[in-house]
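Undergrad: build the 3D model from these lines:
(one chain, ligands or ions: 1)
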Amino acid sequence: MVDYRPDKAKMAQSFAAAASQYDDVAVLQRQTADELLERLSLTTMTPKTILDLGAGTGRNLALLQQRYPQAQLLAMDIAAGMLQQAKKRYRQDLGLKRWLPGQNHLQAIAGDAESIPLADNSVDLVFANLSLQWCDPKSSFREIHRVLKPEGLLMFTSLGPDTLTELRQAWAQVDDYPHVNVFFDIHDVGDAMMASGLADCVLDVEPYTLTYPTPMAMMRDLKILGAHNVNEGRRRGLTGKTLMSKVVSAYEQFRQDGLIPASYEVVFGHGWKLPQATQKPEADGSVHIPLSEIKRR
Ligand SMILES: C[S@@+](CC[C@H](N)C(=O)[O-])C[C@H]1O[C@@H](n2cnc3c(N)ncnc32)[C@H](O)[C@@H]1O
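TA: Predicted structure coming up:
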């Protein structure tokens with residue numbers, strides 16, 4: 001597995017700074033969250049405690065609460081600014097419904113997925129949409145496994161190495177610095193899940209492409225998402241105008257049908273705290289490959 005050390009303080013800062021504008025541009029995040037919620041309906045579980053790990057601005061909290069009205073929701077994020085936004089959004093989304101009898105109040109907890117500040121065996125469902133790609137897979141899956149109850153389930157999406165491949169290639173024509181975050185391969189993710197003790201792990205990959213009028217529009221959105229380069233070893237200091245215009249013109253080679261594409265490799269995964277005695281067949285016709293059958297490329 002590659003050595004992966006994102007600059008955590010920098011990342012938390014960058015996400016916190018993005019919090020107020022994040023929802024305007026989080027198109028991919030909404031799509032993958034909806035798909036993840038859809039996949040949740042294939043399970044018959046009724047979780048009592050749900051942890052939205054890397055909850056961001058909290059877009060998925062009300063949706064989880066509507067699906068599981070009796071559940072206690074925990075929103076956790078490493079960026080305090082994101083949690084502030086999540087609490088506000090949850091109040092707006094649920095409105096007066098949050099005072100209905102039987103509703104549990106949201107608990108917002110600042111915390112790191114690699115060292116989750118919760119007790120062992122305390123959560124039924126961990127929901128993590130596009131947050132685990134910023135974490136060390138071994139530590140985060142180990143922590144998730146620890147906090148899950150015996151019947152507990154992890155459902156997540158993450159990003160694979162083919163994410164933002166056009167931007168990576170465009171920068172490679174300009175200089176030798178890493179300008180795009182490095183994401184783990186599905187096999188590394190699978191290995192880390194199994195090493196953590198998670199059982200009946202299933203992973204699959206879906207390609208997504210977002211389109212923009214210009215490379216600059218795409219890079220602006222990335223910045224607002226807080227998802228711009230946070231790798232150690234990145235080029236220090238401001239990226240100058242000349243460099244920027246070079247990368248923009250290198251990116252133009254990918255323009256298709258008048259639009260600039262940005263590719264994302266989205267990894268969907270789930271795993272249980274303990275092996276399930278019987279696996280239900282998938283109802284959506286999708287092909288899920290058990291990790292034991294995934295061969296290294
Ligand atoms: C792309 S956003 C996704 C937010 C939300 N899950 C959604 O679907 O909109 C990723 C979030 O993960 C958080 N994050 C990154 N690393 C984290 C870590 N180690 N522990 C907890 N949260 C983390 C970021 O602060 C950010 O809010």
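Undergrad: low-confidence ranges, the chain, go.
TA: 1-5, 102, 226-239, 277-297 (pLDDT under 70).
Undergrad: need the residues of this structure near the ligand, please.
TA: With CB under 6 Å from any ligand atom as the criterion, the chain meets the ligand at residues 11, 15, 26, 29, 33, 54-56, 59-60, 77-79, 82, 112-114, 129-131, 134-135. Any C-beta I mention is one placed from the backbone N, CA and C, and that applies to glycine too.
Undergrad: any of those buried? List them.
TA: The neighbour-count test (16 or more other CB atoms under 10 Å) marks 11, 15, 26, 29, 33, 54-56, 59-60, 77-79, 82, 112-114, 129-131, 134-135 as buried among those.
Undergrad: what about those, which are in strands?
TA: Here DSSP state E is the test, and those give D77, N129 as lying in strands.
Undergrad: quick check: the residue of the stretch 51-200 of the chain nearest the ligand.
TA: Closest residue of the stretch 51-200 of the chain to the ligand, CB to the nearest ligand atom: G56 (2.4 Å).
Undergrad: what sits closest to that residue if chain neighbours are left out?
TA: The shortest distance from G56 to any non-neighbouring residue, by CB to CB, 6 or more residues apart in numbering, is to M82 (5.2 Å).
Undergrad: pretty sure the one you found is in contact with A55, am I right?
TA: Yes: counting by CB atoms under 8 Å, M82 does reach A55; the two are 7.1 Å apart.
Undergrad: quick one: the helices in the chain, in order.
TA: Ranges of helices within the chain are 8-25, 27-40, 61-67, 80-94, 137-147, 165-172, 186-196, 215-224, 241-251, based on DSSP state H.
Undergrad: of those, flag the one that's most buried.
TA: Per residue and on average, the most neighbours among the helices of the chain fall to helix 137-147, with a mean of 22 (mean count of other CB atoms under 10 Å).
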